[in-house]
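Enquirer: Model the structure of this input:
(chains A and B)
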Amino acid sequence: MKPSPSSSEDSGIKLRDHVYDGIQEYDQRLPNWWLNTLYGAIIFWVVYWFVYMIAGIMPTDGAQVDAEMARVAAVKMASSIDVTNDDTFWNMSNNGVFVDAGKQTFNSLCVACHLPSMRGKSENPTAVGPDLTDTAWIHGGTPKEVYHTASKGILDKGMPAWEPVLGQKKTAEVVAYILSHHKKGELITVQEANK
Amino acid sequence: MSFGKPSFDSRPKNENPKSKIAKARPAPVRDSVTTINADGSHHALFPADVHGRFTSWRRYSAYLLIGLYLLLPWIPINGYPAVFLDLAERRFHFFGFMLAAQDVWLLFFGVSGLGFALFFLTALFGRLWCGWACPQTVFLDHIYRRIERWIDGDAPERRALKAAPMTANKFTRRVAKHFLYIVASLIITHLFLAYFVSIPKLWLYLHEAPGEHWAAFLFVFIYAGLLYFNFAWFREQLCIVICPYGRLQSALTDDHTVVIGYDATRGEPRGRLGTPEAGACIDCNRCVQVCPTGIDIRHGLQLECIGCSACIDACDDVMTKVERPTGLIRYDSHQGLMGETTRWIRPRTILYGVLLLIGATVAAFAFSTVKPASFLVYRMSGAAYFVGANEVRDQFMVRLVNKRTVPATFTISTEGLPTGVRQSGFNSAVTLEALTESVSPLVLLIDRKDYTGPFKFTVKVSAAEPAFTLSREIEFMGPDARLLEEEDHEKGIKR
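Expert: Residues are numbered from 1 along each chain as shown, chains lettered A, B, ... in the order given. Next comes the predicted model:
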């Protein structure tokens, strides 16, 4: 579009000297508010650089993440149970709240292989999972061993690791539900048989 | 866009009785923005009052839009506000229709549909959106400028007040005006927040210490501050310099697009009443005085024009007074203003119309297929498949999400399984509470003798009321059937 002839002479509109293919360029000032956003960004950068990188007044993003992760770990530790202590699980297995919660999880997930009765192959030879109610165990029968099996899984046999899915609390509840079918001090056997 | 208009000097001549105003306000030229001075400072405009049919209609539609904006979060539909973008729950309610986070891909149609609708509308009618429906114009013209008009008076009074030294009267008026600006900004901001958190929650936020909900508090503070700055000072700069849509205009319109234009054939040459040989334009400059972006519409279509139609009403008013036909400035295409016929159906409108139609059709289909649940089937962690003494086994997980706000029972079934495949301990019915999800295992076994290799099958989820079915295909994986047969043969297992 050609500049309207009414303007270029006396209305303060300036044109740059260069001409390319007959095209000229206006020489007008940017709005001051626009320039101020640029100057503001420069000032922000200097202040940011000084505060975070030089003076260390504010913690860097990395330090903030580390602090937050440490806080998360502390909360986790404070609310976690000692999974190496057999008595913890036996106590849980006598607590109706834990057992009921564990039963709910068991019935929505574990039943696919171990059946609702928890008796697995003992009840139905074509079931996938072994019997969890008898005293014969394949991968260890102490509470902490049962917890280990449930949380880490037996991957080559198809038992998934449940702790990453359920978390420690729910996994422990399931173990409590299983232990509620057992008695503390009962005789257990460990056999590498294909039950 | 052709700008082949006759060139003329529109600046008021010295003998023009309006020269006083001309001095206070530089005559608009087409090559620079009126509201940016030569030194880069902002030139504040004092648009004059205007009355007329378009002004009235624009006011009514603006009140309707403002009313809608303020009321939508208060109107409950199916237990949720009419429009509620629940960011905390990641659920989006539109007039009883609910979308979950899983449906966000539909946003594509919202954005592209808005784009195509704007393309189509602009090709036909220019910047109708800017003048009539854009929140910037609606809030500015019908809330903030009304406050300004009420406190500071009409355009000459406002200009005089600005030039006057600070007195107790001026100070009081300034405080009152800016106080009302801030109140309006706060109301708009709070309602905006209500779209995302709902009115009851907003009420709760308002009654607790700012520290309890510091993010919401900070948002209101910053957003209201931006609105205040925008509507008190920045105003037309947003439309002229920042808004990308104003810039798209020139690519979307052509000579047949209906815009606001000046009929130069009828108007030129300008001359005051009584001038012999003069055209219809009496060069009264009313159209310039009422313009909220400070342009002279007689220079033709310009990027600053937001299509507010103030100049149409101003000119019609003057033409009626001097007993000449109205419509010297009117909604018309460039062709129409040149005395030609406007072509409505042309390649551009056909193309934009077809794009809009395709988009609308696909969007209607996509929205109609949104189901009140979503589900996924995936392999359980661990090995892809397990080969036991008697069988081959695959383990899957079925993840179900009830996207509705009421409990629902879903039936999971499988289809296309070869004979001999059985499911282990599988719960086919799953009842889910409102807005919850579940994961259920799906374990499939097949006897070694029946196994003939990997196969694909379908998992289906269905529910009654509303009845719908979702299905996913997944593969049952396993070893090469021949290798399995050879192994059995070597071991002497009967098949």
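Enquirer: so who does residue 58 touch?
Expert: Looking at chain A here, since you left the chain open. If a contact means Cβ atoms under 8 Å, 6 or more residues apart in numbering or on different chains, then A:Met58 has A:51-52 as its contacts. Quick note: C-beta positions are derived from backbone N, CA and C, even for glycine.
Enquirer: right idea, wrong chain: chain B
Expert: In this structure, B:Arg58 makes contact with B:131-132, B:141, B:308-309, judged by Cβ under 8 Å, 6+ apart.
Enquirer: which secondary structure element contains it?
Expert: Counting by DSSP states H and E, the element that carries B:Arg58 is helix B:53-71.
Enquirer: Identify each of the strands in chain A and give its residue range.
Expert: Counting by DSSP state E, chain A has strands at residues A:15-20, A:23-26, A:136-137, A:189-190.
Enquirer: circling back: columns neighbour count, pLDDT and distance to chain A on top of the contacts of B:Arg58, output as TSV?
Expert: Supplementary listing: the contacts of B:Arg58 in TSV, determined by neighbours: other Cβ atoms under 10 Å in any protein chain shown; pLDDT from 0 to 100; distance: Cβ to the nearest Cβ, whole Å:
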residue	neighbour count	pLDDT	distance to chain A
B:Gly131	22	92	23
B:Trp132	20	94	27
B:Asp141	20	95	22
B:Cys308	25	93	21
B:Ser309	23	94	23
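Enquirer: What count of nearby residues applies to the closest residue in space to B:Leu470 that isn't next to it in sequence?
Expert: Distance criterion Cβ to Cβ, 6 or more residues apart in numbering or on different chains; nearest residue to B:Leu470, sequence neighbours excluded, is B:Val461 at 4.8 Å. Each residue near B:Val461 was counted by other Cβ atoms under 10 Å in any protein chain shown, and the total is 21.
Enquirer: now swap in B:Ala160 and tell me
Expert: Counted with other Cβ under 10 Å, residues neighbouring B:Ala160 total 12.
Enquirer: With B:Ile75 instead?
Expert: The criterion is other Cβ under 10 Å. On that basis, B:Ile75 has 12 neighbouring residues.
Enquirer: How is chain A divided into domains?
Expert: If you go by automatic domain parsing, the domain ranges for chain A are A:15-54, A:86-190.
Enquirer: Quick one: end-to-end distance for the longest one.
Expert: For domain A:86-190, the first and last residues are 17 Å from each other (Cα to Cα, to the nearest Å).
Enquirer: any idea of the pLDDT on the residue nearest to the spatial centre of chain A?
Expert: For chain A, the residue lying nearest the average C-alpha position, counting by Cα atoms, centre = their mean, turns out to be A:Pro164 (8.9 Å). Predicted confidence (pLDDT) at A:Pro164: the value is 87.
Enquirer: which SS state does the residue lying closest to it once chain neighbours are set aside fall under?
Expert: In this structure, A:Pro164 finds its nearest non-sequential neighbour in B:Ser381, 7.6 Å apart by Cβ to Cβ, 6+ apart. Here B:Ser381 is coil, with the state taken from DSSP: H, G, I helix; E, B strand; the rest coil.
Enquirer: A:Thr88 and chain B: what is the separation?
Expert: Applying Cβ to the nearest Cβ, to the nearest Å, the value for A:Thr88 to chain B is 26 Å.
Enquirer: Pull the contacting residues for that residue.
Expert: A:81-82, A:143.
Enquirer: what is the rounded mean pLDDT of the helix holding B:Arg58?
Expert: Mean pLDDT, helix B:53-71: 96.
Enquirer: Next secondary structure after that helix?
Expert: In the C-terminal direction, the helix or strand that comes right after helix B:53-71 (DSSP H and E) is strand B:76-77.
Enquirer: Paired strands for that next one, with orientation please.
Expert: Listed by DSSP bridges, the sheet partners of strand B:76-77 and their directions read strand B:80-81 (antiparallel).
Enquirer: ok now the strand it pairs with, how far from the chain's centre?
Expert: A distance of 20 Å separates the C-alpha centroid of strand B:80-81 from that of its chain, computed with Cα atoms, centre = their mean, to the nearest Å.
Enquirer: Residues contacting it, please?
Expert: Contacts with strand B:80-81, where a contact means Cβ under 8 Å, 6+ apart, come from B:72-75, B:93, B:96, B:98, B:194-195, B:198-199, B:405.
Enquirer: try 6 Å this time
Expert: For strand B:80-81, the external contacting residues (Cβ atoms under 6 Å, 6 or more residues apart in numbering or on different chains) are B:73, B:93, B:198.
Enquirer: Mind checking what secondary structure the second one has?
Expert: Translated: B:His93. When the rule is three-state DSSP, B:His93 gets the label strand.
Enquirer: can you count the residues close to it?
Expert: Applying other Cβ under 10 Å, we find 22 residues neighbouring B:His93.
Enquirer: Is it bridged to anything, and to what?
Expert: Bridge pairing for B:His93 (DSSP bridges) gives the partners B:Phe84, B:Met98.
Enquirer: Tell me where chain A has helices.
Expert: For chain A, the helices defined by DSSP state H occupy A:32-48, A:61-79, A:86-93, A:96-105, A:111-114, A:120-123, A:143-152, A:163-179.
Enquirer: which of the ones you listed is buried the deepest?
Expert: Counting by mean count of other Cβ atoms under 10 Å in any protein chain shown, helix A:111-114 has the highest mean neighbour count of the helices of chain A, with a mean of 22.
Enquirer: isn't there a helix covering B:Gln249?
Expert: Yes - assignment of B:Gln249 by three-state DSSP places it within a helix.
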